[in-house]
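Asks: sequence plus the predicted model coming up.
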Amino acid sequence: LRGKEVLVLESGAHVGSGISSRNSEVIHGGLYYPTGSLKATLCVRGKQLLYDYCKRAGVEHSRIGKLIVATEEGQEETLHRIAAQAKGNGVLDLKLCSQADVKALEPQVFATAALLSPSTGIVDSHGLMMALLGDIENSGGIVALNTALQRVGSAERELVQAEGGVNHVCKTEDGILIGSKILVNAAGLDAPFVASCCVASGRMPKSGYTVPTPFFAKGSYFRLTQVASPFQRLVYPVPEPGGLGVHATIDLGGQTRFGPNVQWLEPCGVGTEEDLREYSSDEIIPPHLYNVDEQEASGFYDAIRRYYRDLPHGALQADYAGIRPKIKGPADGSADFQIDGPERHGVPGLVSLFGIESPGLTSSLAIGELVGHTVET
């Protein structure tokens, strides 16, 4: 977007107070995703961009590594499949570890075998967002906080076109009209709702195009108390449907957290495009769903003790929860990122980002590259 006037509409009072504030702050390696998928390509590319950017911008981070552990019969075969998938994605630094290797690396971890990913790391996500905000403002861009989008409508667009020919006009909840030639829909949980505004106003000229139906999966985290962090690295079980399993992460302050689990929310699917236009995520996801249910702790103890058998009883304390912006339901398998530009829907200058869940943080700078290229072509 070099040479363009950039205005970021942020509905919250602070930058990055939505999905970005509720993740595990992991820099992922790009191991699991199908070769050639956007998740694989953008995660591997984004990982290197992110490490380079953090070093250049002074954002705190650490390449501490990750163990993916097999704890029961049949899971070692899964490790080999993950290693093969990672190799196909261009990740060539994995090491297969024996039970003795794991014990030497992480004495508190039980595993019959493991994969070591040395390029996985952690980052101060708030520091990263503040650095990016500084880059926008230092380049002449503007971030408008507390500015929620109400709709993108054809009537308002016609009023502004007479003054200079723009492709899009956004109307905020304060009644302000903002015209632009390029509109990047990076609204997270609300991305399908924002995109559906274009459908509602008859601005999707390509027949057959549909906005993806949103699904929402809650993930809760518990933090470890009573004892010091038992690990030097991140520890992950083999993946499970909907997520990567209840894993152990360590933040830059040395605090260990476990999570997230996967809890599909009702209603999972909103349904038709007409339904999409009628609801925002705030209406579908009431604030209390961001609370962690203490009763979930029992399931966490069971999951964690598969690889951390010495977890003391009573050591888990509810921490925080987030909502994943899914575009496939619980019975539909994993979805790739979906980044729809004009070649897909036919609307000039519009790029919509759907399903940007994990590894979205790791992929963020590579996603920015792709969006920039899309709007320039």
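Replies: In hand now; what should we look at?

Asks: ok, then the element right after the helix or strand of the chain with the lowest mean pLDDT?
Replies: Sorted by mean pLDDT, DSSP states H and E, the helices and strands of the chain end with helix 154-161, the least confident at a mean of 51. Counting by DSSP states H and E, the next helix or strand C-terminal to helix 154-161 is strand 168-172.

Asks: other SSEs contacting that following strand?
Replies: strand 149-152, helix 154-161, strand 177-180 (3 or more C-beta pairs under 8 Å, 6 or more residues apart in numbering; DSSP states H and E). Glycine gets a C-beta too; all of them are placed from N, C-alpha and C.

Asks: neighbours of Ala83, just the number please.
Replies: For Ala83, the neighbour count with other C-beta atoms under 10 Å is 18.

Asks: can you pull the contacts of it?
Replies: Residues in contact with Ala83 (C-beta atoms under 8 Å, 6 or more residues apart in numbering) are 94, 96, 115.

Asks: in a strand, it, correct?
Replies: No. Applying DSSP: H, G, I helix; E, B strand; the rest coil, one finds Ala83 to be helix, outside a strand.

Asks: let's verify Gln48: helix, strand, or coil?
Replies: Going by three-state DSSP: Gln48 is helix.

Asks: how much space between it and Leu42?
Replies: For Gln48, the distance to Leu42 equals 11 Å [C-beta to C-beta, to the nearest Å].

Asks: same thing with Ala113?
Replies: For Ala113, the distance to Leu42 equals 29 Å [C-beta to C-beta].

Asks: now the contacts of Ala83: which count as buried?
Replies: Neighbour-count burial (16 or more other C-beta atoms under 10 Å) is assigned, among the contacts of Ala83, to 94, 115.

Asks: show me which of the contacts of Ala83 is closest to Gln255.
Replies: For the contacts of Ala83, the residue nearest Gln255 by C-beta to C-beta is Leu115; the value is 24.6 Å.

Asks: residues touching the closest one, list them.
Replies: Leu115 neighbours (C-beta under 8 Å, 6+ apart): 31, 67-68, 79, 82-83, 94-97.

Asks: possible to save those as JSON lines with secondary structure and pLDDT?
Replies: As requested, those are exported to JSON lines (DSSP: H, G, I helix; E, B strand; the rest coil; pLDDT from 0 to 100):
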{"residue": "Leu31", "secondary structure": "coil", "pLDDT": "96"}
{"residue": "Leu67", "secondary structure": "strand", "pLDDT": "98"}
{"residue": "Ile68", "secondary structure": "strand", "pLDDT": "98"}
{"residue": "Leu79", "secondary structure": "helix", "pLDDT": "96"}
{"residue": "Ile82", "secondary structure": "helix", "pLDDT": "97"}
{"residue": "Ala83", "secondary structure": "helix", "pLDDT": "97"}
{"residue": "Leu94", "secondary structure": "coil", "pLDDT": "98"}
{"residue": "Lys95", "secondary structure": "strand", "pLDDT": "98"}
{"residue": "Leu96", "secondary structure": "strand", "pLDDT": "97"}
{"residue": "Cys97", "secondary structure": "strand", "pLDDT": "98"}
